[in-house]
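Peer 1: Structure for this input, please:
(one chain, ligands or ions: 2)
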Amino acid sequence: MNLQPNRTNDRFDGVIEDMTTAEVKEMLTFLADAGVSNISFTGGEPLLREDICEIVAFAAGLEAVNAFEDTDGVSLRRSRPSLYMNTNGALSTSEFLKVCLECGLRLTVSLPGLRTYQELTAGGDARKALGAMEAASAMGVQVTAAITITRINEHELVETIAAALLAGADSILLNRFLAGGRGLGKISELSLDVDQVKRMLLIADEVLHTAGRYGRMGTEVPACLIAGLQFRNLTVGTRCSAALHFVAIDPSGYVRVCNHSPVRLCHYTDIDSVWQHPLWQAYTRRSLLPTSCSGCHSRPDCDAGCREAARLVSGDPMVDDPCLLFDAQLADMNQGNRRSI
Ligand code: SF4
Ligand code: SF4
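Peer 2: Residues are numbered from 1 along each chain as shown. Ligands and ions are numbered 1, 2, ... in the order given. From the prediction side, this is the model:
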């Protein structure tokens with residue numbers, strides 16, 4: 001197999017094109033050979049690729065190779081990768097769901113609100129997302145509902161979780177708004193303050209507990225924000241996993257610390273060079289905590305929210321999470337003093 005960097009998708013004008021079907025398969029094989037055993041297809045919207053069923057079926061047929069050690073020494077273990085996909089569900093078809101079932105792919109369907117769905121998705125229809133969950137569940141495909149909470153849709157969190165569970169979602173992935181792309185211009189409009197985040201977590205936990213279901217918070221929060229709060233059915237993380245537990249590979253084959261980061265570290269075929277990149281080093285060494293956290297005894301278990309959002313918004317990854325509004329930030333915004341972004 002040719003694992004040389006394929007630069008045919010780097011056009012002379014700097015535009016980097018998506019990988020072809022053959023290139024995606026080559027990349028997936030490379031990852032499985034390197035021991036990657038969890039593969040999540042995300043976007044944008046992965047169902048926009050016409051070859052998505054072919055790609056999923058190919059990934060399901062791979063074997064991830066990992067070395068493990070026991071009393072008999074070191075040996076190799078081969079296992080089928082676990083497959084996941086994040087989608088808005090609008091283009092889901094029975095043919096696609098059949099492939100999901102055959103390949104054991106777990107679907108995560110985005111549901112940012114009910115009555116607010118159209119506003120938050122620029123014209124989308126929540127009924128399509130709920131319909132995709134119903135169809136997947138009816139066919140036996142495991143489905144999670146991903147609910148991103150913003151200042152606009154937080155008032156309908158109970159109804160949104162209830163609708164997702166009634167549509168067949170067996171778990172909930174809760175996220176808070178993180179600025180990036182077009183969202184950079186809407187931070188004050190969409191970001192939650194710390195009290196709203198606490199309320200969101202407690203409400204979600206209560207609904208999940210009542211329904212006998214489980215969920216997790218996908219967007220990390222500072223440990224001091226949840227100090228003293230108890231969750232029964234919701235798992236809430238305080239550590240950023242970027243570069244340490246997963247990486248993102250974009251549609252053109254470039255590695256990023258996570259899918260929220262726009263920084264291309266290297267092409268996946270040059271993965272050995274990634275250690276030299278300053279951003280990779282910063283994430284793997286966890287050297288980006290805000291200076292305001294110095295001396296905190298929770299530092300080993302906390303990354304103070306999203307460092308990439310801080311870097312994207314202010315250019316400085318070592319400031320407070322800009323998408324988690326503290327009292328001082330709210331006061332600044334109310335006085336119109338917030339720096340322009
Ligand atoms: S490290 Fe910072 S954000 Fe985390 S608990 Fe300590 S003070 Fe809070
Ligand atoms: S950088 Fe931010 S979005 Fe990316 S994994 Fe870490 S907390 Fe999550």
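
Peer 1: What distance do you get for residue 266 to residue 141?
Peer 2: 35 Å (C-beta to C-beta, to the nearest Å). C-beta coordinates here come from the backbone N, C-alpha and C atoms, glycine included.

Peer 1: Likewise for residue 67?
Peer 2: From residue 67 to residue 141 the distance is 32 Å (C-beta to C-beta).

Peer 1: more neighbours, the two?
Peer 2: residue 141 (24 against 9; other C-beta atoms under 10 Å).

Peer 1: I'd say the more buried one and residue 100 touch.
Peer 2: Yes - contact criterion C-beta atoms under 8 Å: residue 141 and residue 100 qualify, at 4.6 Å.

Peer 1: okay, and the common contacts of the two?
Peer 2: Residues touching both residue 141 and residue 100 (C-beta atoms under 8 Å, 6 or more residues apart in numbering) are residue 107.

Peer 1: For residue 318, which three-state class applies?
Peer 2: coil (DSSP: H, G, I helix; E, B strand; the rest coil).

Peer 1: Just confirm it contacts residue 291, I think it does.
Peer 2: Yes - at 6.1 Å, residue 318 counts as touching residue 291 under the criterion of C-beta under 8 Å.

Peer 1: Name the residue in the two with the higher neighbour count.
Peer 2: Ranked by neighbour count (other C-beta under 10 Å), residue 318 and residue 291 place residue 318 first, with 17 against 7.

Peer 1: So which residues of the stretch 1-150 of the chain form helices?
Peer 2: For the stretch 1-150 of the chain, the helices defined by DSSP state H, counting those that start in this stretch occupy 21-33, 52-60, 94-103, 117-120, 126-139.

Peer 1: helices or strands up against the longest helix along the chain?
Peer 2: Criterion DSSP state H: the longest helix present in the chain is helix 194-211. Other helices and strands packing on helix 194-211, by 3 or more C-beta pairs under 8 Å, 6 or more residues apart in numbering; DSSP states H and E, are helix 157-166, strand 171-176, strand 214-217, strand 234-236, strand 324-325.

Peer 1: taking the ones you listed together, which one is wrapped up most tightly?
Peer 2: strand 324-325 (a mean of 24; mean count of other C-beta atoms under 10 Å).

Peer 1: Need the residues that contact that strand.
Peer 2: So strand 324-325 is in contact with 176, 188, 191, 192, 193, 194, 197, 221, 222, 225, 305, 333, going by C-beta under 8 Å, 6+ apart.

Peer 1: what's the answer for stretch 239-256, then?
Peer 2: Stretch 239-256 is contacted by residues 6, 9-10, 16-19, 23, 27, 31, 38, 42, 44, 220, 257-269, 271, 274, 280, 283-284, 286, 301-303, 306-308 when judged by C-beta under 8 Å, 6+ apart.

Peer 1: buried subset of those?
Peer 2: Buried subset of those (neighbour count, 16 or more other C-beta atoms under 10 Å): 6, 9-10, 16, 19, 23, 27, 31, 220, 257-261, 265-269, 271, 274, 280, 283, 286, 302-303, 306-308.
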